[in-house]
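Visitor: kindly return the folded structure for what I paste below:
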Amino acid sequence: MGKQFKFDAKGRPIIDTNATASAPEYKADLSNPNPPPPDYMIAVASTFEDQVAIADLTGLPVPQEYQNTVNAIQSDNYAKALNTQPDEDNNIFKNLDRLFGQYEIPAGLMNKLIALQGTALHFKIDDSSSMTNDSNLLRQDISPYMQNVVKNSKNPYVSRWEEAEDRLHRLVDFLAYVPTGPIMFSRFDRGNIKGEQKPIKRNQTPDDFKITVHKMIREIFSTPPTGNTPIYDNMYNMSKDANELRGKTDLKVNNYIITDGEPSGGSIEIRKIKNFLKNRLDPSKNTFTYLGCSNLREDYEWMHEMEEIARFVAAINDYKDEREEVRKIQPNFLYNRGMWMLCNLVAANNQNDLDAINEFPPLTKPTMESLYGRGMPEEEYRYYFETHSCGANFDPEYKEFVTQQWAADIKSVKIFNDELRRLLDRDMDRGEDDTEAEEEKIALQAVDNYMRKKYGYSASSSNLFSSSTRYSGTMYGNSNAQRSQMSYSNQPVQDKDSGCKLM
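Guide: As a prediction, the model looks like this:
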């Protein structure tokens, strides 16, 4: 098949205007002559056209991972894996590209999504009675798939049960363009009674797949939730099924548990879950993701402690809570609903970047470039680093953050992560189910002690980045096409998506 979306010898994106297909319909507004406000979210390239425009401004190549992803999706083999004919019009890539543009997802996450190729997925749905309580999802923000379900409700918030269904409908639209392994949807098992199970084999075209799965999800959720919350038993059964499948096919399995709170067994069951996750075989091939849908933050705490303690485990709150948590730490890192949706699917597979977004250490420059899917001038990265809530704690090793692929490989970050993991593991064994705040402070203090010992000072206590510090400039030269004026300020940033103000 002819490739419409290509890269030149320097790794810069180009669109072949001689190809038969037209350019994507979605276009980012890169021609606005007015610069963004002083406090802004780091510019995102969501579509291939965005990549072309930003590469023209920066002169920087896009990361190799994105180049490989674009080429792979346009290949004949990828089309055949999705049960379609070789696609001369590049519709598979154009549809994914349009979807990323619609949700303004950083283009770099496309390679994370298609990495699910060949992976079996199992979505386990908590159908306990508490799922009828409110979620944080406003009825006005529900997806089109759910409009008829909630149209007669007077409550401004949908239920947790409805939020769970809405989330699955949204994720299916992305999975339609990924040739995964088999997909299973099931409700909670209770004792010897297996939950309702709905398996899907990937033997349909993307359009037929969406029709089939959206209908199946609606059927699963048509019966109201009731009962308790035996999370450990369900995780054990899911892992057993995954091991049996891998024994026959060697497929990786991603397990997802959509739940609203703590297990019925309380702290005792949570300790069982912790020991199970820490000791399971081949965790990278048997991942677990908690998809929280409660409107109470305290319901999530144990899940987030679990993802710090065990490997290849992720905990994703509802969008509102997750976004606030991320931006409290990284005020200028764009975390929108689109990125949140991708994290729902693949954060557990990506421990060093997606699963580290809401952690205290800053991401490295190569990681930021990989996630954003574009080159990032160092002055732009320095802006991100200095406005990060914990950037000062790690500043003595800033040069390593510029060069290392993963922050987890930097000594100060290892110290932080190891200390936090030790403290949370101890607290969970003691049945102390509280927030991570105190443990995070102790882990940061361990970093400060290390910095003083090795470098003779701790940047976090030197007031290095005070509110009076200013940097002004543009990261794209003098171009009027897209200027990102940079300055540091304590003025609140208006989050257009939610209306909340961020400091």
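Visitor: low-confidence regions, the stretch 401-503 of the chain specifically.
Guide: For the stretch 401-503 of the chain, residues meeting the criterion pLDDT under 70 lie at 433-435, 460-503.
Visitor: quick check: buried residues in the helix or strand harbouring K320?
Guide: Per DSSP states H and E: K320 is located in helix 319-329. Neighbour counts over helix 319-329 (16 or more other C-beta atoms under 10 Å) mark Y319, K320, D321, E322, R323, E324, E325, V326, R327, I329 as buried. For every residue, glycine as well, the C-beta is placed using N, CA and C.
Visitor: what packs against the helix or strand that that helix is followed by?
Guide: Using DSSP H and E, the helix or strand that follows helix 319-329 towards the C-terminus is helix 337-346. Here helix 337-346 touches helix 91-103, helix 110-114, helix 160-175, strand 313-316, helix 319-329, going by 3 or more C-beta pairs under 8 Å, 6 or more residues apart in numbering; DSSP states H and E.
Visitor: ok, residues contacting helix 337-346?
Guide: 46, 100, 102-106, 109, 112-113, 115-116, 167, 170-171, 174-175, 254, 256, 289, 291, 314, 316, 319, 322-323, 354-355, 357, 497 (C-beta atoms under 8 Å, 6 or more residues apart in numbering).
Visitor: type out the ChimeraX command that picks the buried ones from the residues you listed.
Guide: Here is the ChimeraX command that picks out the buried ones among the contacts of helix 337-346, judged by 16+ other C-beta under 10 Å:
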select :46,100,103,104,105,106,109,112,113,115,116,167,170,171,174,175,254,256,289,291,314,316,319,322,323,354,355,357
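Visitor: now name the helix or strand holding the closest residue to Q405 other than its chain neighbours.
Guide: Of all residues not flanking Q405 in the chain, P366 sits nearest, at 4.8 Å (C-beta to C-beta, 6 or more residues apart in numbering). P366 belongs to helix 365-372 when assigned by DSSP H and E.
Visitor: gap between that helix and the chain center?
Guide: Centroid separation for helix 365-372 versus its chain: 14 Å, with C-alpha atoms, centre = their mean, to the nearest Å.
Visitor: same question for stretch 259-267.
Guide: Using C-alpha atoms, centre = their mean, the offset of stretch 259-267 from its chain centre is 23 Å.
Visitor: and L30, what's its pLDDT?
Guide: L30 carries a pLDDT value of 37.
Visitor: just the angle for the helix holding P366 relative to helix 337-346, thanks.
Guide: 100 degrees (axes from the mean of the first three to the mean of the last three C-alpha atoms, to 10 degrees).
Visitor: what's helix 365-372 in contact with?
Guide: 42, 44-45, 63, 65, 106-109, 352-354, 363, 375-376, 378, 381, 384, 401-407.
Visitor: for PyMOL, write the selection for the buried entries among the residues you listed.
Guide: Buried residues among the contacts of helix 365-372 (16+ other C-beta under 10 Å), as a PyMOL selection:
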select buried, resi 42+44+45+63+65+106+107+108+109+353+354+363+375+376+381+384+401+404+407
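Visitor: return the subset of the contacts of helix 365-372 lying in strands.
Guide: Residues of the contacts of helix 365-372 located in strands (DSSP state E): none.
Visitor: count of neighbours near the closest residue to Y78 other than its chain neighbours?
Guide: Closest residue to Y78 apart from its sequence neighbours, by C-beta to C-beta, 6+ apart: A72 at 5.9 Å. By other C-beta atoms under 10 Å, 15 other residues sit near A72.
Visitor: centre of the chain to whatever helix or strand A72 lives in, how far?
Guide: Secondary-structure assignment from DSSP H and E places A72 in helix 64-73. Helix 64-73 has its average C-alpha position 19 Å from the chain's average C-alpha position, going by C-alpha atoms, centre = their mean.
Visitor: now do stretch 348-365
Guide: On C-alpha atoms, centre = their mean, the centre of stretch 348-365 falls 10 Å from the chain's centre.
Visitor: what does stretch 291-304 give?
Guide: The answer for stretch 291-304 is 16 Å, by C-alpha atoms, centre = their mean.
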